[in-house]
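> Return a 3D structure for these sequence lines:
(one chain, ligands or ions: 1)
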Amino acid sequence: MGTLLTSQRVSDGPVVPMSNGLTAVLLDVLSLAACRFATTDWEKRFAYFLIQHDASRVGLGTAGLEVSEFGWTHEDFENEKRFILAVVDAALAKSNWELLGFEPRPESILPALERLRAMIIAFPMSAIPRESEDAWIPDELPTHGECEVHHVYLHELGCMLCNDQPIDAPPNRAPHRT
Ligand SMILES: [Zn+2]
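Residues are numbered from 1 along each chain as shown. So this is what the prediction gives:
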């Protein structure tokens, strides 16, 4: 079982299958950058949306990413795109990866980030969906504080990066394990 990275509202949009392990690493490296860079409410909601995908919170294999569901607005589309590209670029540059607590395999994570980058660039304003009640849109601000080890937002059950630490990690490297 795994998840999909998709951009279904773009014609011939790619569908990238990911293992659960790759999904977790992708969310970890994106969240590291998104939580660090977020200053506006939209950016904080987007960063928290990534955090909410923690498989320890929602279940393994349910946390894929669909580019149209990133909470895009018509009013600020260019800034939103610029923010997400800055996040992806920081992840591609392995920025702050020393906080991860493990070494991702570059041969799987870097191509996934490149695919995501291309999907963001190709996503046009015209593909922003009408609000749908089923869509999982980034609509919540983080209110549970921040992990002192990983410097990412906590969700109501803990820290996504603590949850992704090796099982034998010392407790002080994973203080907010769910
Ligand atoms: Zn943590």
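> Tell me the residues on the chain that lie near the ion, please.
Remark: the part of the chain in contact with the ion comprises 147, 149-150, 159, 161-162, 176, using C-beta under 5 Å from the ion. All C-beta spots, glycine's among them, are computed from the backbone N, C-alpha and C.
> Any idea how far the strand or helix carrying Glu78 is from the middle of the chain?
In this structure, Glu78 sits in helix 77-92 according to DSSP states H and E. On the basis of C-alpha atoms, centre = their mean, to the nearest Å, helix 77-92 sits 12 Å off its chain's mean C-alpha point.
> what's next to that helix, contact-wise?
29-30, 32-34, 36-38, 42-43, 46, 70-73, 96, 110, 113-114, 116-117, 120-121, 123, 125, 128 (C-beta atoms under 8 Å, 6 or more residues apart in numbering).
> mind listing the helices for this protein?
20-37, 41-51, 55-58, 77-92, 106-122, 160-163 (DSSP state H).
> Tell me, how many residues neighbour Gly101?
Neighbourhood size, Gly101 [other C-beta atoms under 10 Å]: 17.
> Contact partners for the residue lying closest to it once chain neighbours are set aside?
Nearest in space to Gly101, with sequence neighbours left out and distances taken as C-beta to C-beta, 6 or more residues apart in numbering, is Gln165 at 5.0 Å. By C-beta under 8 Å, 6+ apart, the contact set of Gln165 is 101-102, 173-174, 177.
> same check, this time on Gly71
42, 45-46, 49, 80, 137-139.
> And the residues you listed, which two are furthest apart?
With C-beta to C-beta as the measure, no two of these lie farther apart than Glu80 and Asp139, at 14.2 Å.
> Among the two, which residue is more densely surrounded?
Neighbours per residue, other C-beta under 10 Å: of Glu80 and Asp139, the larger number sits with Glu80, 21 against 11.
> For Leu154, see how far away that one is.
Distance, Glu80 to Leu154, using C-beta to C-beta, to the nearest Å: 24 Å.
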